[in-house]
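**Student:** below are the sequence and a predicted model for it; my questions follow.
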Amino acid sequence: MKTPIPFLAVALSLVLAACSQAESRDATRPADAVIGIVQCDAYLAAVNTCIQDKVPADKRAALTAEAHQMFTTWKEAAADPQQRSTLPQACGITRDVAKEELAGYGCAL
């Protein structure tokens, strides 16, 4: 089984190319639980479900940290009108890249 770390690095690079570096946010607060971009919210929900339900315990922490970094980056970008317009495409590309990598864990995105 391949490790999904390379896909996350590629996906994060794509996002960072389109968006500025985000500040850390508390994703546990209700106001921060969603980004407000359908493609991004759907992707992050699917990845979080995959991590919790399918990924072996020894790999969860790294993948959770990567997903949280994507969330914070996308949340920051969504607050900027110039960057917000790039998010549907960036999140869609990220999802396409992740599909193959996470399929190794039995996840369908």
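**Tutor:** Perfect, thanks for sending it.

**Student:** output the lowest mean pLDDT helix or strand found in this structure.
**Tutor:** Least confident element among the helices and strands of the chain, by mean pLDDT, DSSP states H and E: helix 5-18 (a mean of 43).

**Student:** show me what the helix or strand Phe71 falls within is packed against.
**Tutor:** Taking DSSP states H and E as the definition, Phe71 sits inside helix 57-78. Where contact means 3 or more CB pairs under 8 Å, 6 or more residues apart in numbering; DSSP states H and E, helix 57-78 is packed against helix 5-18, helix 38-53, helix 81-84, helix 87-103. C-betas here are computed from N, CA, C, even on glycine.

**Student:** only alpha carbons, please: show the last one as PDB.
**Tutor:** Just to be clear, that refers to helix 87-103. In PDB, the C-alpha atoms belonging to helix 87-103 read as follows (Å, rounded to 0.1, in the frame of the first residue of the first chain):
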ATOM      1  CA  LEU A  87     -10.700  27.700  -4.500                       C
ATOM      2  CA  PRO A  88     -13.200  25.600  -6.400                       C
ATOM      3  CA  GLN A  89     -10.600  24.700  -9.000                       C
ATOM      4  CA  ALA A  90      -7.800  24.100  -6.400                       C
ATOM      5  CA  CYS A  91     -10.000  21.900  -4.200                       C
ATOM      6  CA  GLY A  92     -11.200  20.000  -7.300                       C
ATOM      7  CA  ILE A  93      -7.600  19.300  -8.400                       C
ATOM      8  CA  THR A  94      -6.700  18.300  -4.900                       C
ATOM      9  CA  ARG A  95      -9.600  15.800  -4.800                       C
ATOM     10  CA  ASP A  96      -8.600  14.300  -8.200                       C
ATOM     11  CA  VAL A  97      -5.000  13.800  -7.000                       C
ATOM     12  CA  ALA A  98      -6.100  12.300  -3.700                       C
ATOM     13  CA  LYS A  99      -8.600   9.800  -5.200                       C
ATOM     14  CA  GLU A 100      -5.900   7.400  -6.400                       C
ATOM     15  CA  GLU A 101      -3.700   7.800  -3.300                       C
ATOM     16  CA  LEU A 102      -6.400   7.300  -0.700                       C
ATOM     17  CA  ALA A 103      -7.900   4.400  -2.700                       C
END
